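In: For reference, the sequence and a predicted model appear below.
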Amino acid sequence: MHAVELDLPTANTKFETLEASAKRRLDTDVPTLSNSAAWTWVEVDLTHLDMPGAWLEVSSAMVDSLVVFASCQGQALYRMEAHGSGRRWSRAEGALQGSNYPKFPLPSEPCDDLKVYMGVQAGKQLLLPVRVASSSELRAFSLSRDLFYAFYVGIMAVMLLYNLVLYFTVRDRSYLLYTLFLIGVAFSQLFLEGYQGILLGLDSTTWLGMRLVHLIGIFSGVTTILFVQRFLNLKRNAPRYHRLFRAFVMAYGGVLAVLMLGFLNLSFSMINAVASVAILVIPASLEARKQGQKSATFLLIAFTAFLLSVTVFALKEFGVLPHTLWTRFAMPVGSIIQLVLLSIALADRINQLKKESSKAREEQLRVSQLNERMVKEQNQVLESKVKERTEALESQNESLESALQELKVAQDQLVQNEKLASIGQLTAGIAHELNNPINFVSSSAQSLRRDFEDVSEVMERVLALGPEDPELQSTITALQEKIAALDLGFTMKEIEELLTGIEDGAERTTAIVKGLRIFSRMDGDEASKANINELLESTSVILRSSFREEASVVLELSPDDTVVMCQPGKLNQVFMNLISNAVQATVMSGKPFAEREVRVRTRRMMQGEVASVQVAIADNGIGMDEDTQAQIFDPFFTTKDVGEGTGLGLSIVKGILDDHRATLELESKPGDGTTFLITFPA
Amino acid sequence: MIHVLYLDDEEHNLTAFRAAFRRDFQVHVTTVPSEAVRMLQEHPIEVVISDQKMPDVSGVEFFEMIMADHPDPVRMLLTGHADIDAVIDAINKGRIYKYISKPWNEPELKRLVEEASALYRRRAKSTARTASYGKNLASLREALAAMKDECQTHVNLEGDAKASWIATLDRAIRWIEQPDSEF
């Protein structure tokens, strides 16, 4: 076989021109189409071919246009031409249709010097394997090829769908890239074999058809790179290769630009050159594997297989390997192996993912269990804390209660103390009050005895006096002298006075004792009927010694019924407290004794059917401002010096009166005095 | 007879007191403090007894009142119940001799009054003695002064001896005037 180079070779080159210019012949079984020229003419020497009804086939699906001259012994037998790679070659002016490869019938007459000139236009640099075979042989081959590619498409479609479904299920971009990669690889194979016409209805007669093989080459290259980057996780495992591959993607961009500018052959060469990137996948895989990417092994095997198949294909193309079924389909088989392996690898990724996810789930479970345990522990801690706190609170509560109890006891004690203080005050007062009458009664009694002795001495003498007494006159004189000496007149007067004193003392003592008896009910808490007037009288008797030299206390008691249901002892305490305060207030006013006055009035009142007894205790003492008035019933409030008053007096008074459902009103003005008005329900 | 003054706002106490002690003492009683002051002026009162608890004026206040004009009578306070403040005041302010509580014990009160009177009289005697001693001392001084004059004008002594006599007399006079100085 010879390739013939011609000046300005075109489709319309004449047979004669070919014959004439066949000077530079290159002996080769597989002529290479020139990249530079649009048309390449090849001379196929078929001398000594003894094969009637044989066909000449150009085993390439990438020939865009073909012009064939068959000649015998320098005589042109016929000229045929055909156009449009990537489609079923139609019998155009003699070309036989029914295959992706262009083929021509050779002359049926035997010829010793059969020569065929083929003018080829492909738009890409390619090998032009030519073979001669019988029609049936070619048809059988074509059929088997179609069958093979049908399987091929089937396998690819299955894997495409499988991975596409996986992509939509798993949403892992690896699957999408894989399907794109698969589309690239599969369509490359199919387009290289000229199936674009059947599949897409595009042949090289159209603008896109002319560039389809280039485009699929670029697409395949780019998707391969993207897939490999993703699959090997080059960004992390081998950033160096990642950057390198990115550079190749850019290069593909450049190729696309060249293609679009119309340099079809140049871009095709560039595509082939850039495709050498596939070799880099091997070291990149190794590097990634070193970084612990186990699936890199799959890629390594897959690409090795693919590259091997490419090698086989190339060797076949260059005639090193024979044209057998295996060598012909080495590349698609290699691509199948590659894609299947990668699909398995991706499936393995699912396993990996599953393992990882189950691991993650286990981890999650572990974490959740741990969490649960921690929560449980925390709960326990919390519970114990709550328990502790509760216990603390309880004990606090207990101590508070006991404190409250103590306070109550203290309060009771204070109230008791207040009561005792009044009793103490009373006792002192009563002692004094009793001591005076006791003093003069006992003293008077002694004096009375002496006076009586004087008187009785005189009386004895008088009794001894008789009418028979001879010296009656002198005895009388002596008696008179005695009487004068004793100053009996004075003595008699004195006796009178002493007796009055004794009587008065007895009366006063009786009054005091009676008052005391009434007052002694102070501790009695039982309710009983008592006359308010009596209570006030006894209280004033008891208090008199205290206030006698401090102020005059005037009782203006109502003649009406002033009996109320009450606790007399407690009311005595109330009256004592209020009257003592009133006396104190008059003393504090700084007025002279004669002007200090406390008036205690009672009266019975009727309001409709409701009867009440009112007690007014009014003094003309110091009085109170409003601030003090507001506070006087507060416990521990006192205007006295520290230690002089407990400050409980009036608060106890208020408490007692509340118990009696009695109202307590207060009227006071600084300087004018104070009036307490108590109203008891009768 | 010992003159005793008794002040109390309780009339019956006055009566009882007078009845009890009129045989032993010259008793003056009153319920009015100003009357008591008048009695102090009119009678040679040796012992003053006052009740503590009285309206207007307390016993201690009464004692304070009379202290300036009548410091000599011995004071005794009578009270119904022991009031520690009254006792303190009585001692510090009233300068009392005794504190007596009611009801009084008649013999004891009598004894106390007699003791007080004895104290009064001792004091009075001592005062009188002091007074007469002072009077004697003054006469002595006059006599010495007269001697000195005599010595200077009339006695005819030799220079040194005369001056020595006069100096001695001067020392004696000065010693009488200032008993603390050295003779």
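Out: Nice, thanks for sending it over.
In: Show me which helix runs longest in the chain.
Out: Assuming you mean chain A. As assigned by DSSP state H, the longest helix anywhere in chain A is helix A:330-464.
In: sorry, should have said chain B
Out: Counting by DSSP H, the longest helix found in chain B is helix B:106-153.
In: how about the residue nearest the centre of chain B, secondary structure?
Out: To find the centre residue of chain B, average its C-alpha atoms and take the closest one (C-alpha atoms, centre = their mean): that gives B:Asp72, at 2.7 Å. Taken by DSSP: H, G, I helix; E, B strand; the rest coil, the conformation at B:Asp72 corresponds to coil.
In: helices and strands of the chain: which one has the lowest mean pLDDT?
Out: You didn't pick a chain, so chain A it is. Within chain A, judged by mean pLDDT, DSSP states H and E, the helix or strand with the poorest mean is strand A:25-27; its value is a mean of 56.
In: wait, chain B
Out: Least confident helix or strand of chain B, by mean pLDDT, DSSP H and E, is helix B:84-92 with a mean of 77.
In: hmm, back to that, what's downstream of the longest helix of chain B, the next helix or strand?
Out: helix B:159-177 (DSSP states H and E).
In: got the buried residues for that following helix?
Out: The neighbour-count criterion (16 or more other C-beta atoms under 10 Å in any protein chain shown) identifies B:Trp165, B:Ile166, B:Leu169, B:Ala172, B:Ile173, B:Ile176 as the buried residues of helix B:159-177. From N, CA and C alone the C-beta is placed, and that goes for glycine too.
In: CSV for those residues, including pLDDT and distance to A:Leu261?
Out: As requested, the buried residues of helix B:159-177 are exported to CSV (pLDDT from 0 to 100; distance: C-beta to C-beta, whole Å):
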residue, pLDDT, distance to A:Leu261
B:Trp165, 83, 171
B:Ile166, 85, 168
B:Leu169, 86, 168
B:Ala172, 86, 165
B:Ile173, 86, 163
B:Ile176, 83, 161
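In: so where's the stretch 451-600 of chain A shaky on pLDDT?
Out: Along the stretch 451-600 of chain A, the parts satisfying pLDDT under 70 run over A:518-525.
In: Which positions in it make contact with chain B?
Out: Within reach of chain B by C-beta under 8 Å from any C-beta of the partner chain, the stretch 451-600 of chain A has these residues: A:451, A:494, A:497-498, A:500-501, A:504-505, A:545, A:548-549, A:592-593.
In: so which two of those residues are the farthest from each other?
Out: Checked with C-beta to C-beta, these reach their widest spread between A:Asp451 and A:Pro592, with 40.0 Å between them.
In: between the two, which one's more packed in?
Out: A:Asp451 (21 against 7; other C-beta atoms under 10 Å in any protein chain shown).
In: how near is the more buried one to A:Ser474?
Out: Summarising the geometry, the distance separating A:Asp451 from A:Ser474, computed by C-beta to C-beta, to the nearest Å, is 27 Å.
In: Who are the contact partners of the residue of the stretch 151-300 of chain A found nearest chain B?
Out: Using C-beta to the nearest C-beta, the single residue of the stretch 151-300 of chain A nearest to chain B is A:Arg236, 103.9 Å away. Applying C-beta atoms under 8 Å, 6 or more residues apart in numbering or on different chains, one finds that A:Arg236 lies in contact with A:Gln291.
In: so which strand or helix has it?
Out: Here A:Arg236, judged by DSSP H and E, is contained in helix A:234-237.
In: Mean confidence (pLDDT) on that helix, please.
Out: Mean pLDDT, helix A:234-237: 84.
In: ok, and for that helix, which residues are buried?
Out: With burial defined by 16+ other C-beta under 10 Å, the residues of helix A:234-237 counted as buried are A:Leu234, A:Asn237.
In: which strands and helices sit next to the helix or strand following it?
Out: Sequence-wise, the next helix or strand beyond helix A:234-237 is helix A:239-260, with elements assigned using DSSP H and E. Secondary-structure packing of helix A:239-260 (3 or more C-beta pairs under 8 Å, 6 or more residues apart in numbering or on different chains; DSSP states H and E): helix A:207-232, helix A:234-237, helix A:264-274, helix A:277-290.
In: got the angle for helix A:239-260 vs helix A:277-290?
Out: With axes from the mean of the first three to the mean of the last three C-alpha atoms, to 10 degrees applied, the angle from helix A:239-260 to helix A:277-290 works out at 160 degrees.
In: Please identify the most buried of the helices and strands packed on helix A:239-260.
Out: Looking across the helices and strands packed on helix A:239-260 with neighbours counted as mean count of other C-beta atoms under 10 Å in any protein chain shown, the highest average goes to helix A:207-232: a mean of 22.
In: Show me what that helix is packed against.
Out: Contacts defined by 3+ C-beta pairs under 8 Å, 6+ apart place helix A:207-232 against helix A:173-192, helix A:196-200, helix A:239-260, helix A:264-274, helix A:277-290, helix A:296-317, helix A:330-464.
In: Pick the most buried one from those helices.
Out: Of all the helices and strands packed on helix A:207-232, helix A:173-192 has the most neighbours on average by mean count of other C-beta under 10 Å, namely a mean of 22.
In: Can you give the distance of that one from its chain's centre?
Out: Computed by C-alpha atoms, centre = their mean, to the nearest Å, the separation of helix A:173-192 from the middle of its chain amounts to 49 Å.
In: what does stretch A:214-233 give?
Out: Mean C-alpha position of stretch A:214-233 versus that of the full chain (C-alpha atoms, centre = their mean) differs by 47 Å.
In: now swap in stretch A:255-266 and tell me
Out: Distance of stretch A:255-266 from the chain centroid (C-alpha atoms, centre = their mean) equals 61 Å.
In: Next, the distance between the ends of that stretch.
Out: The distance separating the two terminal residues of stretch A:255-266, taken as C-alpha to C-alpha, to the nearest Å, comes to 9 Å.
In: same thing with stretch A:588-596?
Out: When the termini of stretch A:588-596 are compared using C-alpha to C-alpha, they are 10 Å apart.
In: Any buried residues in that stretch, and which?
Out: Within stretch A:588-596, the residues that qualify as buried are A:Ser589, A:Arg596, counting by 16+ other C-beta under 10 Å.
In: Show residues contacting that stretch.
Out: Surrounding stretch A:588-596, the residues in contact under the criterion C-beta under 8 Å, 6+ apart are A:549-552, A:583, A:586-587, A:620-623, A:671, A:673, B:55-56.
In: picking up where we left off before, dump the helices and strands packed on helix A:239-260 to a markdown table, plus distance to A:Ser134.
Out: As requested, those are arranged in a markdown table below (distance: least, C-beta to C-beta, whole Å):
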| stretch | distance to A:Ser134 |
| --- | --- |
| helix A:207-232 | 30 |
| helix A:234-237 | 51 |
| helix A:264-274 | 33 |
| helix A:277-290 | 38 |
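In: Any idea which of these gets closest to A:Gly515?
Out: Using C-beta to C-beta as the measure, helix A:234-237 is the one of the helices and strands packed on helix A:239-260 that comes nearest A:Gly515, at 111.6 Å.
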